[in-house]
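Participant: A predicted structure for the sequence below; I have some questions about it.
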Amino acid sequence: MSSAFGSALRFRSQEPACNDRLTIFRWTLDANSVGLGLLAAELGRAYVSDQQIWRHPDAVVAPRLPDGHHPTVRMGDLGELVGAALYRTRLGVEVPFLKIESKPVGSATGQGPDVLAVSLASVDEVRPVSVEVKARAGQGPGEILGAIGRSFETIDEGYLRSAWAAGVQLMSAHPDHQRAFALMAAQALARLVDPERTHPPHEAHAVAVVDRDNLTVKKAKEHWGLLPPVSELHVVEVLGLVGLRDELYETASRLTYGQLAAEAPTLLGAGSYTPGIAAPISSRDPGRQPPPVPPGPYASVVESALWYLADWDGLGLARAKAAREESDDRLVVGLGEILSGADRTAFRTLRDTALEAFADAASQVLQLNQPASALIASANQLAETSDDPELVQAVRHVTSALIYRLDRHPALLAAEQGASGPVVSYVIQRLQRIGRYALWPSQAQAVRGGLLDPGLPSVAVRMPTSAGKTTLIELLVAQALDTADQSVVAVLASTKALVTQLTGDLRQALPSEIEVRSSHGGLDFDTVSPAAGLVSGGGVAVMTPERFDLEWRRAVTGDSTSLSDLALLVVDEAHRSMTPNVALHWRSALPGRCAVVYVLPFSQASSHRWTGSLTGCEDFLLSRIGHLRGWTGSSTTG
């Protein structure tokens, strides 16, 4: 599940301190952008294990949480959650476990490093980070900086090895632990395997979660001088921190265990499936017969829902289409249509059947006209009136899959990031018209990681082929066009064929009044002089890198071309389009407001040196299918 806390973070600025030995990053946490419900559910999941969620879906969360008599514990735990979300979602490193998860009593104070993170981006060596988090309200900068320094005085190599060993024990208790991507790295850092092997030392970072950001560069230098205990300090300002803390814990205390996993355990039955590492259900469960998929007319429907619940949307869609195409049963066909996004067609298919009301409820929820509770109520009503247990179980699976993926709805994700302009809205409405009511997990992870955040000038998006990069490019282009009037977006593709393909995709995705023009060299300017104004005057220009390089050279030599209108440069297949030196040369002539996005296949982002040259810093691996991020001039993270 992607992080609601991470999605609520907004990047503000960065600046060097302590004679360039420290970089201070400034963030704001905007709880209203995500909503209290999602944040409270994520908070609750930190205290309740996945196994317990599936074994006891009707249990209430409240006894596991620190109560109102322990405000200091609440503040510390909330700070740890925010710090972990910052590193997982926005900095793109692995945080394989939380200290909170090992607490035997909710109101107890946890021991050990607040956050242990590890970057797996390098093919040569893992790069570990020890992060101390201080959540404080009403304290001065000296108190916070002093607390950070004192924390690191007690941390040595043996302390960190012990913490990683405890984390391995915690991770291994998960029934799906073999799918934990960072487990082998954690075992190595704990010296549980190959104990004689040496690893890079842990970098020391800190996160300060405060109600008012008064941690200035001057104060950092006054307190730490030229020898800061950390190389990075992330300051997260949360207005009304104390009130938000208490509201989150009170809201989480009213939830049940089942509600922490999108109601799937409640709807599907306690203990019915194995919980996944990052999804309600392990990817081992779909397709096994019997169980968990019972034979019968609805087997393909149930299997489709399970693939969705395991975050395998492609397989979920394939099985849903199979249900539509291979069955003669209207009920099976209609449920398959709902799962494949054809909700209006499903309503017509299921008219005058036992599922007519359910189809209508599903469509209303997918269109965001009704809350998820309306669909649950419809499924429960069917369970009370139907005498077909197989149909009831199939409907429960469909309901679980739809509700679980609802927080990946493109309209909700865009709203979380403040991307609500007319062009973005047009792109999202088109996605809904073609049945895309949920972005794929990799796409949602990139958006929640700040892909649409205009405050970050350099981004490298790392995703495998066919993982949905084009949809992200469409959203990026739309956001840029909404942000600046008369702005130009340049999209570079490495071959003429890709230029043609991207031009067609963008013309189809964007409003007709937005001009999408293309140029790829060869015949388009061998017989005539290159057209002036390709990167000026508004709209979108799709071209090959050679064509953009011509525009760049004309701009830097004072020719008629100007790059001043350029608001976004997207470089698809960047590893084929340029070398890092070319990228740096191009950046030197771009206007200050111009963001640059490099799109890379998964296999090309393993070298942090290559990506670091592009983005101005070391790369940040979000997940196996994720994105990389960096800021010009920032220090190494992860």
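Facilitator: Cool, the structure landed.
Participant: Going by C-alpha atoms from here, please, whenever you check contacts or count neighbours.
Facilitator: OK.
Participant: so what's Thr483 closest to, chain neighbours aside?
Facilitator: Gly421 (7.9 Å; C-alpha to C-alpha, 6 or more residues apart in numbering).
Participant: Report the separation between the residue most central in space within the chain and Ala323.
Facilitator: The centroid of the chain falls nearest to Gln445 when counting by C-alpha atoms, centre = their mean (2.2 Å). To Ala323, Gln445 is 29 Å away according to C-alpha to C-alpha, to the nearest Å.
Participant: cool, and Val301?
Facilitator: 6 Å.
Participant: which residues do these two both contact?
Facilitator: Contact criterion C-alpha atoms under 8 Å, 6 or more residues apart in numbering; residues shared by Val301 and Ala323: 332, 336.
Participant: Who are the packing partners of the strand or helix carrying Gly334?
Facilitator: Element membership for Gly334 (DSSP states H and E) is helix 330-339. In this structure, helix 330-339 makes packing contacts with helix 299-309, helix 313-326, helix 343-349, helix 389-405, judged by 3 or more C-alpha pairs under 8 Å, 6 or more residues apart in numbering; DSSP states H and E.
Participant: Next secondary structure element downstream of the shortest one?
Facilitator: What that stands for is helix 343-349. Next along from helix 343-349, by DSSP H and E: helix 356-366.
Participant: Which strands and helices lie in contact with that following helix?
Facilitator: Identification of packing neighbours for helix 356-366 by 3+ C-alpha pairs under 8 Å, 6+ apart yields helix 343-349, helix 372-385.
Participant: Return, as residue ranges, the portions of the stretch 101-250 of the chain with sub-threshold pLDDT.
Facilitator: Along the stretch 101-250 of the chain, segments meeting pLDDT under 70 span 121-124.
Participant: right, and Leu65 touches Ser107 too?
Facilitator: Yes - counting by C-alpha atoms under 8 Å, Leu65 does reach Ser107; the two are 6.6 Å apart.
Participant: how much space between Val193 and Ser536?
Facilitator: 57 Å.
Participant: okay, these two: which has more neighbours?
Facilitator: Taking other C-alpha atoms under 10 Å, Val193 and Ser536 do not tie; Ser536 has more neighbours (20 against 13).
Participant: Specify the local secondary structure of that one.
Facilitator: With DSSP: H, G, I helix; E, B strand; the rest coil as the basis, Ser536 sits in coil.
Participant: who are the neighbours in contact with the closest residue to it other than its chain neighbours?
Facilitator: Spatial nearest neighbour of Ser536, excluding adjacent residues (C-alpha to C-alpha, 6+ apart): Asp565 at 5.5 Å. Residues in contact with Asp565 (C-alpha under 8 Å, 6+ apart) are 486-488, 535-538, 591.
Participant: Pull out the buried residues from the residues you listed.
Facilitator: When the contacts of Asp565 are checked for burial by 16 or more other C-alpha atoms under 10 Å, the buried set is 487-488, 535-536, 538.
Participant: what's the farthest-apart pair in those residues?
Facilitator: Greatest spatial distance among those (C-alpha to C-alpha): Ser487 and Val535, at 9.2 Å.
Participant: what touches both of the two?
Facilitator: Shared contacts of Ser487 and Val535, counting by C-alpha under 8 Å, 6+ apart, come down to 565-566.
Participant: Which one's more surrounded, Leu65 and Ser107?
Facilitator: Shown here are Leu65 and Ser107; by other C-alpha under 10 Å, Leu65 has more neighbours (24 against 20).
Participant: where does the more buried one land on pLDDT?
Facilitator: Among the per-residue scores, Leu65 shows a pLDDT of 96.
Participant: ok, now how distant is Gln367 from Glu416?
Facilitator: Look at Gln367 and Glu416: by C-alpha to C-alpha, they are 17 Å apart.
Participant: my bad, should have said Thr557
Facilitator: 42 Å.
Participant: Between these two, point out the one with more neighbours.
Facilitator: Neighbour comparison, Thr557 and Glu416: the larger count goes to Glu416, with 22 against 9 (by other C-alpha under 10 Å).
Participant: residue contacts, the nearest residue in space to that one that is not next to it in sequence?
Facilitator: Distance criterion C-alpha to C-alpha, 6+ apart; nearest residue to Glu416, sequence neighbours excluded, is Ser33 at 4.7 Å. Residues in contact with Ser33 (C-alpha under 8 Å, 6+ apart) are 8, 415-418.
Participant: pLDDT score assigned to Ser33?
Facilitator: 92.
Participant: that older thread, if you compare the helices and strands packed on helix 330-339, which one is most tucked away?
Facilitator: Ranked by mean neighbour count under mean count of other C-alpha atoms under 10 Å, those are led by helix 299-309, which reaches a mean of 28.
Participant: I'd like to check what contacts it. Which residues are they?
Facilitator: Under the criterion C-alpha under 8 Å, 6+ apart, residues 279-281, 283, 285-287, 293, 313, 315-320, 322-323, 332, 335-336, 339, 394, 397-398, 400-401, 404-405 lie in contact with helix 299-309.
Participant: what about Ser13, which SS state?
Facilitator: Three-state assignment for Ser13 (three-state DSSP): strand.
Participant: contacting residues around it?
Facilitator: Contacts for Ser13 (C-alpha under 8 Å, 6+ apart) come out as 25-27, 455.
Participant: rerun at 10 Å
Facilitator: Contact analysis of Ser13 by C-alpha atoms under 10 Å, 6 or more residues apart in numbering lists 24-27, 455-456, 631.
Participant: From those residues, list the buried ones, please.
Facilitator: Buried positions within the contacts of Ser13, assessed by neighbour count (16+ other C-alpha under 10 Å), are 24-27, 456, 631.
Participant: per-residue confidence for Ala377?
Facilitator: You'll see Ala377 listed with a pLDDT of 97.
Participant: how much space between it and Trp224?
Facilitator: For Ala377, the distance to Trp224 - C-alpha to C-alpha - is 58 Å.
Participant: quick one: which of these two has more around it?
Facilitator: Using other C-alpha under 10 Å as the criterion, Ala377 and Trp224 rank with Trp224 on top: 17 against 13.
Participant: The more buried one touches Gly146, doesn't it?
Facilitator: Yes - using C-alpha atoms under 10 Å, Trp224 is in contact with Gly146, at 8.7 Å.
Participant: what angle separates the helix holding Gly334 from helix 299-309?
Facilitator: 20 degrees (axes from the mean of the first three to the mean of the last three C-alpha atoms, to 10 degrees).
Participant: Just give me how far helix 330-339 sits from the chain centre.
Facilitator: On the basis of C-alpha atoms, centre = their mean, to the nearest Å, helix 330-339 sits 30 Å off its chain's mean C-alpha point.
Participant: Likewise for stretch 213-223?
Facilitator: 31 Å.
Participant: residues of it that come out buried?
Facilitator: Buried residues in stretch 213-223, defined by neighbour count with 16+ other C-alpha under 10 Å: 213, 215, 219-221, 223.
Participant: export it as PDB, just CAs?
Facilitator: C-alpha atoms of stretch 213-223 as PDB (Å, rounded to 0.1, in the frame of the first residue of the first chain):
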ATOM      1  CA  ASP A 213      10.000  25.700  11.200                       C
ATOM      2  CA  ASN A 214      12.600  27.900  13.000                       C
ATOM      3  CA  LEU A 215      15.600  25.600  12.300                       C
ATOM      4  CA  THR A 216      17.600  28.100  10.300                       C
ATOM      5  CA  VAL A 217      21.000  27.700   8.700                       C
ATOM      6  CA  LYS A 218      22.400  30.200  11.200                       C
ATOM      7  CA  LYS A 219      21.000  28.200  14.200                       C
ATOM      8  CA  ALA A 220      22.500  24.900  12.800                       C
ATOM      9  CA  LYS A 221      25.900  26.500  12.500                       C
ATOM     10  CA  GLU A 222      25.700  28.100  15.900                       C
ATOM     11  CA  HIS A 223      24.800  24.800  17.500                       C
END
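Participant: Lovely, talk soon.
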